[in-house]
Structure formats: structure tokens, C-alpha cells
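sequence and predicted structure are below.
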Amino acid sequence: MRILTRVMIQEMLVAAGLTAAALLGLITLGRMLQLRELFLVQGVGVMHLLRLFVYLTPFFLTVLVPASAMLAVYLTVTRMGTDREIVALRAAGIGIAPLVTPSLVLCLAAAAITVWAGFWGVAWGMERFRDTIMELARQQTMVRVQPGVFTQVAPNITIYAREVSPSGGQLTDVFVHDASRADALTITAPQGQLAVDPTAGRLVVALENGTMVREGAVGISQVRFAHYLVSLDLSGVFSGMRLGEVSPKEMEWKALWQMFRQRRSLEDTNLARRVAIEVHKRPALAVACPLLGLTMLAVALVFSGISRQWGLVVGMGVFFLYYVLLSAGMSLAEGGVVSPAFGVWAPSVFFAAGATVLLRAAATERWVTVRWPCGRRAA
């Protein structure tokens, strides 16, 4: 039995690694299309993009790891059924227990990775992702703001500086025209500095000892100031980036749990629901690893005779069924239709019941042999 367990674990690890790499490659390709503005327009280098994808990897792993483990178990057992290895084990008087053990080992390892990614990795990666984006925004804005040139750094916001210091973002003899509001502002100041507000996800131009002219419907007014901040949304600098307040799915577990305990005192009920959903979702995704793995093990045992190609289709179908149910439950919970606990854990309960029924059927040898029709020869 040790040989069987070792060989199955090795085969499952290879299948899980290849599946995770393929899915991660597809997601990376999709993200590259979303971030094409960074690469083509803003001139961000390939190394910076690779860093951004590395920081986003823990967020992807919370979804990819359960799917990879599930498909690895299913493809391995399906291959054994196609090669009649399971029939040979049955003929030797061996039950399904030796098949469950390596499947559980792989799924528990996947659950551990999912726990790390969900409880610590996501917060680590998203924090560095935001910091990198903000630093790139500051650097790219500094590159675009050339001395003695009127530069549109965001929609309806134009900046001019006689001198620009690339090292510290210092601006000399600054002119700013802000037409993004109903009352257009024209601001002049002898000194200014570019800075980043990471909490709000905004680029800030800090001006000192200047003059602000406001053009409104009632006329023109002029005000002198000692300090004034021009705030630029980074989505105007890097289109497609949403870098406002940190959302619950980006928080570290400690901060998320503290907010969850205080959710009844939050004024924003929608935020309280999203916090509760996230608190339930992270452990639910870890629990989904053994649940999905055992479900697919039972499906592969009960529905024998299926080919590898169709087996992959069935496996992906079960995978999408779980995430469709999970997404629907979270949407209903966010809308207040059901409780967050019910919306998140209902798919796990459903798959746990399905895995129990199918494993019992496999243990009692209630097989369902799938025979695919072959084309008839012409007479």
C-alpha cells in the first residue's frame, strides 16, 4: 500500500502543478490585457509588471489551489480507471481506502497553502502591489512633468513647472489648472512637491505660498494660501487601477477579524456584510480543498469508463459549479437576502453531502459505467 500511496501522490503532484501553472498562465494573460496601458502607454518595464504579478499571485492561489488539487485527484483516478488499475485493485480484494489516503494528503496540503494565501499572503501581496503602483505613478508623473512644458497629468488637470527635480519631486514656479469641477481653479505657487497618499490611493501636489483663482458662475475670486493640496486620483494616471480605500478582501486576517467583531457598530451596513462574507470565505476556500477532492474522487470511481478528455470537461464542470454556487451565495449575502454564513458555507455543505453519498456508492461497488457511442461503419 505504501508503494501505491507514494506513486499516486507523485502523479497527483505533477498533475496539480501543471494545472496550477496553466490556470495561472491564463489569468496572467488576462491581467496583462487589463494592464496593457501600463506597458504600452505609461512605459512601465517588464520587470515591474512581473513584480506586480508576483504580488497578485497569493490572491490567485486562493482560487487556483483548490481547483488544481481537485482536478489532480480526478485526473489521476480517471487515468487509473481507464487503464483498469482500479479493476485490478478490486480483484485483489482492495477497497477504496488506499485511494482516499493519497487524495486526502494532497488536498490537505492544498488546504494549508490556501490558508497561508488567504490569511497572510493576500494582505502581503496587495499591500506591496499598491505601494508599487503608487511609486510607479509618482515616477511616471515625474517623467511626464517636464520643465517648461504644460502637461496634462489627469483628465482636466494641467501642470506646468519651470524647474523639476526628479529625485525628490520638487517643483519650482508651479502653475496648475484644475477644470475637473464646476468652478475651474487656476493655481500658481513658487514651490511645490509631488507626493503619494497611499491610504486614499491618490497623487498629491503640495503647493506653498501661492494664489488660487476661482472662476465660477458668480464671477472670479482670488485667494492667497500658505498650503494647498491638489489631489489626483491615480485612476486618472493609470487607467483601470482602483486604489482607493483598502477593501475587506485585501485586509490581513487580524484587522479583518477585529472589524468583524465590531461590525454591528459600523455605520455602513454594506461594508459590514462584506467583512462578514470575507471572514467566512477564507476558511471556506481552505475547507473546499478536501471537499472538492473527495467529491471528484467519488465521481471518478462511481462513473467509470469515462475518457480523459471528457473527464477533464466533467472535472471543470464540477469546479465551476462550486464557484457559481459560492458566487451566488456571496451575492445574495451582500444584498442582505441571506446571512453571510449561509451564503458562503452552503456550497460546502452541498458538496460534503454529495461526496458522502458518492463515496458510499463507490465503497459498495455501485458503479455507473459510461459507454460512449462509437460511429458505425458505412455499409
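That came through, no problem. Numbers count the residues shown, from 1 in each chain.

make it CA atoms for all contacts and neighbour counts henceforth
Will do.

what does the residue nearest the centre of the chain show for phi and psi?
Closest to where the C-alpha atoms of the chain average out (C-alpha atoms, centre = their mean) is residue 59, at 4.1 Å. Main-chain torsions, residue 59, degrees, to the nearest 10: phi -60, psi -40.

got it, and the one 3 residues further on?
The main-chain torsion angles of residue 62 are listed as degrees, to the nearest 10 and equal phi -60, psi -20.

please report how far it lies from residue 319.
14 Å (C-alpha to C-alpha, to the nearest Å).

also residue 158?
From residue 158 to residue 319 the distance is 49 Å (C-alpha to C-alpha).

ok, residue 260 next?
Taken as C-alpha to C-alpha, the span from residue 260 to residue 319 is 29 Å.

distance of residue 298 from residue 55?
Residue 298 is 36 Å from residue 55, by C-alpha to C-alpha.

what about the two, which has more around it?
A direct count of neighbours by other C-alpha atoms under 10 Å for residue 298 and residue 55 places residue 298 higher, at 26 against 22.

wait, that one sits on residue 364?
No - Residue 298 is not in contact with residue 364 according to C-alpha atoms under 8 Å; the separation is 11.8 Å.

the strands in the stretch 101-250 of the chain, which residues?
151-154, 157-165, 170-178, 184-197, 202-216, 219-233 (DSSP state E, counting those that start in this stretch).

list the contacts of the residue nearest to residue 333 when sequence neighbours are not counted.
Excluding its sequence neighbours, the residue lying closest to residue 333 (C-alpha to C-alpha, 6 or more residues apart in numbering) is residue 340, at 4.9 Å. Counting by C-alpha atoms under 8 Å, 6 or more residues apart in numbering, residue 340 makes contact with 273, 276, 277, 280, 329, 330, 333, 334.

over to residue 347?
322, 325, 326.

okay, stretch 330-346 in PDB with CA atoms only?
C-alpha atoms of stretch 330-346 as PDB (Å, rounded to 0.1, in the frame of the first residue of the first chain):
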ATOM      1  CA  MET A 330     -22.000  35.800  -1.700                       C
ATOM      2  CA  SER A 331     -24.000  38.000  -4.000                       C
ATOM      3  CA  LEU A 332     -27.200  37.100  -2.000                       C
ATOM      4  CA  ALA A 333     -25.400  37.700   1.300                       C
ATOM      5  CA  GLU A 334     -24.100  41.000   0.100                       C
ATOM      6  CA  GLY A 335     -27.600  42.100  -0.900                       C
ATOM      7  CA  GLY A 336     -28.900  41.100   2.500                       C
ATOM      8  CA  VAL A 337     -31.100  38.300   1.200                       C
ATOM      9  CA  VAL A 338     -29.300  35.500   3.200                       C
ATOM     10  CA  SER A 339     -26.800  35.600   6.000                       C
ATOM     11  CA  PRO A 340     -23.100  35.700   5.100                       C
ATOM     12  CA  ALA A 341     -22.500  32.300   6.900                       C
ATOM     13  CA  PHE A 342     -25.300  30.600   4.900                       C
ATOM     14  CA  GLY A 343     -24.300  32.200   1.600                       C
ATOM     15  CA  VAL A 344     -20.600  31.100   1.900                       C
ATOM     16  CA  TRP A 345     -20.900  27.700   3.600                       C
ATOM     17  CA  ALA A 346     -24.000  26.400   1.700                       C
END
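
how about it: buried residues?
330-334, 339-346 (16 or more other C-alpha atoms under 10 Å).

what does stretch 215-229 give?
Buried-residue list, stretch 215-229, by 16+ other C-alpha under 10 Å: 215, 228.

contacts for that stretch?
182-185, 204-214.

same deal with stretch 267-276?
248-249, 256, 259-260, 263-264, 266, 333-336, 340-341.

repeat that for 10 Å
With contact meaning C-alpha atoms under 10 Å, 6 or more residues apart in numbering, stretch 267-276 is reached by 247-249, 251, 256-257, 259-266, 277, 279, 281, 330-331, 333-336, 339-341, 344.

centre of the chain to that stretch, how far?
Offset of stretch 267-276 from its chain centre (C-alpha atoms, centre = their mean, to the nearest Å): 20 Å.

distance check, the closest residue to residue 363 other than its chain neighbours against residue 184.
Once flanking residues are discounted, residue 363 sits nearest to residue 96: 6.3 Å by C-alpha to C-alpha, 6+ apart. Look at residue 96 and residue 184: by C-alpha to C-alpha, they are 74 Å apart.
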